[in-house]
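[1] Make a model of this:
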Amino acid sequence: NMAAVQVMARSGALGADRIPFWGISIPNEVKLMAKLFKRGDLSEFKKVLKFVVKYLEEGSMDEEDFVSIATNSFPEEAVRVMFAGALTLVRKALRQSSLKTENFKEDLTSLKLPPEAVSDLHKIVYGKRKVVLERSLMSQAPHLPKLANLRWRVDVTISNTSLNRVLEPFIFVELTLSNGTIKTFELPVPKFHELRYNVASILKEMEDIEKKNILKV
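    The predicted structure follows:
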């Protein structure tokens, strides 16, 4: 089963199953790409990898140059399948900064990729362009606005129509996001303490999850 890789302990005994870097199930485009290597010619794969790197670095590529790789024995459809599979593998590997090189090679070998193809993919993920590719990947990924600035103050309601909150303090909060949007809200002191407690609890849960071995590669 290629979805789970058996890991050998240092002592030589069989260790626990380790989830491959692409996840529990093999992406369909990777399965289709692996079948193409049965043809035995790796020259097209090397050409495709150049476009994978270009696409990751620049976010686009020249379509005419790309399809020019196709030949009678290696049609355009096969070129696109190989590109999609290689791009998926490189992306998923780059997103895991703690992925060990030996685990990377072991996972690719489990797909029955030729040793030369494994070596070529390894040169991309762990080569000189690794940092550049990681930064480009992060900049291209969709993301929500981040918190750029936070301002708050304590106000006191002197009176209102119902007189239920006379001299009751409340917290006024102003959030400025990275896209320039400003959000404001106010809440009574008890609710502020509840918010503070919930945020602290979530941060603690995130810290506990990060410590779990299942998330470490």
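
[2] okay but Gly23 is in contact with Lys92, surely?
    Yes: applying C-beta atoms under 8 Å as the test, Gly23 and Lys92 come out as touching, 7.5 Å apart. Heads up, the C-betas are built off the backbone N, CA and C, glycines and all.

[3] Comparing those two, which residue is more hemmed in?
    Lys92 (18 against 10; other C-beta atoms under 10 Å).

[4] residue contacts, that one?
    By C-beta atoms under 8 Å, 6 or more residues apart in numbering, Lys92 lies in contact with Phe21, Trp22, Gly23.

[5] If we use 10 Å, what do you get?
    For Lys92, the contacting residues are Pro20, Phe21, Trp22, Gly23, Pro27, Val30, Leu99, Asp107, Val125, by C-beta atoms under 10 Å, 6 or more residues apart in numbering.

[6] do the same with Glu207
    Glu207 makes contact with no residue under the criterion C-beta under 10 Å, 6+ apart.

[7] Just the CA atoms of the host helix or strand of it, as PDB, please.
    Here Glu207, judged by DSSP states H and E, is contained in helix 189-211. Output for helix 189-211, consisting of C-alpha atoms alone and laid out as PDB, is shown next (Å, rounded to 0.1, in the frame of the first residue of the first chain):
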ATOM      1  CA  VAL A 189     -15.300  44.000  31.600                       C
ATOM      2  CA  PRO A 190     -16.700  40.500  32.400                       C
ATOM      3  CA  LYS A 191     -16.900  39.700  28.700                       C
ATOM      4  CA  PHE A 192     -13.400  41.000  28.200                       C
ATOM      5  CA  HIS A 193     -12.100  38.600  30.800                       C
ATOM      6  CA  GLU A 194     -14.000  35.800  29.100                       C
ATOM      7  CA  LEU A 195     -12.500  36.700  25.800                       C
ATOM      8  CA  ARG A 196      -9.000  36.800  27.300                       C
ATOM      9  CA  TYR A 197      -9.500  33.300  28.900                       C
ATOM     10  CA  ASN A 198     -10.700  31.800  25.600                       C
ATOM     11  CA  VAL A 199      -7.800  33.200  23.600                       C
ATOM     12  CA  ALA A 200      -5.300  31.800  26.200                       C
ATOM     13  CA  SER A 201      -7.000  28.400  26.100                       C
ATOM     14  CA  ILE A 202      -6.800  28.300  22.300                       C
ATOM     15  CA  LEU A 203      -3.100  29.200  22.300                       C
ATOM     16  CA  LYS A 204      -2.500  26.500  24.900                       C
ATOM     17  CA  GLU A 205      -4.300  23.900  22.700                       C
ATOM     18  CA  MET A 206      -2.300  25.000  19.700                       C
ATOM     19  CA  GLU A 207       0.900  24.600  21.600                       C
ATOM     20  CA  ASP A 208      -0.200  21.100  22.800                       C
ATOM     21  CA  ILE A 209      -1.100  20.000  19.200                       C
ATOM     22  CA  GLU A 210       2.300  21.200  17.900                       C
ATOM     23  CA  LYS A 211       4.000  19.000  20.500                       C
END
